[in-house]
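Novice: Turn this into a model:
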Amino acid sequence: MRNKQTTARTNTKKRNLGRYKSSLEKTCADLLRDSGLDFEYESREYVVFEPFKYTGTYWKMTSKSKDMTNKSGKGVFPIKYTPDFVCPNETWIIETKGYNRSHHDFPMRWKLFMKHLMEDTISPPSLFICKNKAQIEYAIRIIKDEQGIS
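Specialist: Numbers count the residues shown, from 1 in each chain. Model (predicted):
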């Protein structure tokens, strides 16, 4: 039997990302910083759908039991959205989305967020969903062009 030398595998979770949740978010923060654009990271939470109480009869199956449970009169939680990167004056917002199969609710939440921005602001911000470094660099060029920065 041979002895194989192996190199340590770099696991995404073990990388030094600081306060960022993914390497794509860290890349975006580094590129924004290098470009001289001011930004805030996950600092603003938007309520895109207000909480309410359902006034009709509402029965629901729970994970703890196969039986239906009466949830009538219970409050329904709000839907909130926290974008990754926001300009301090909210003229642009960047959301980074690498590949992740579990983001099945993101498209619905993003649409509610866009509708909220249109209804709640006079001049909605420029929005960007970036999936890689090249798209982040392109978004930064657009932002700088819109702001007249070279």
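
Novice: how near is His116 to Lys71?
Specialist: Plainly put, His116 is 26 Å away from Lys71 if you go by Cβ to Cβ, to the nearest Å. (C-beta placed from N, C-alpha, C; glycine too.)

Novice: Kindly report the same for Tyr54.
Specialist: Counting by Cβ to Cβ - Tyr54 and Lys71 are separated by 8 Å.

Novice: ok, the closest residue to Cys87 other than its chain neighbours - how many residues close by?
Specialist: Nearest residue to Cys87 in three dimensions, chain neighbours excluded: Phe39, at 6.1 Å (Cβ to Cβ, 6 or more residues apart in numbering). Using other Cβ atoms under 10 Å, the number of residues around Phe39 comes to 19.

Novice: Mind pulling up the pLDDT for Phe39?
Specialist: Phe39 carries a pLDDT value of 97.

Novice: That one reaches Phe85, doesn't it?
Specialist: Yes: with contact defined as Cβ atoms under 8 Å, Phe39 counts as touching Phe85 (4.9 Å).

Novice: list the residues that contact both of the two?
Specialist: Taking Cβ atoms under 8 Å, 6 or more residues apart in numbering as the contact rule, Phe39 and Phe85 both touch Ala29, Leu32, Ile94.

Novice: Of these, which is the most crowded?
Specialist: Ranking the shared contacts of Phe39 and Phe85 using other Cβ under 10 Å puts Ile94 first, with 26 neighbours.
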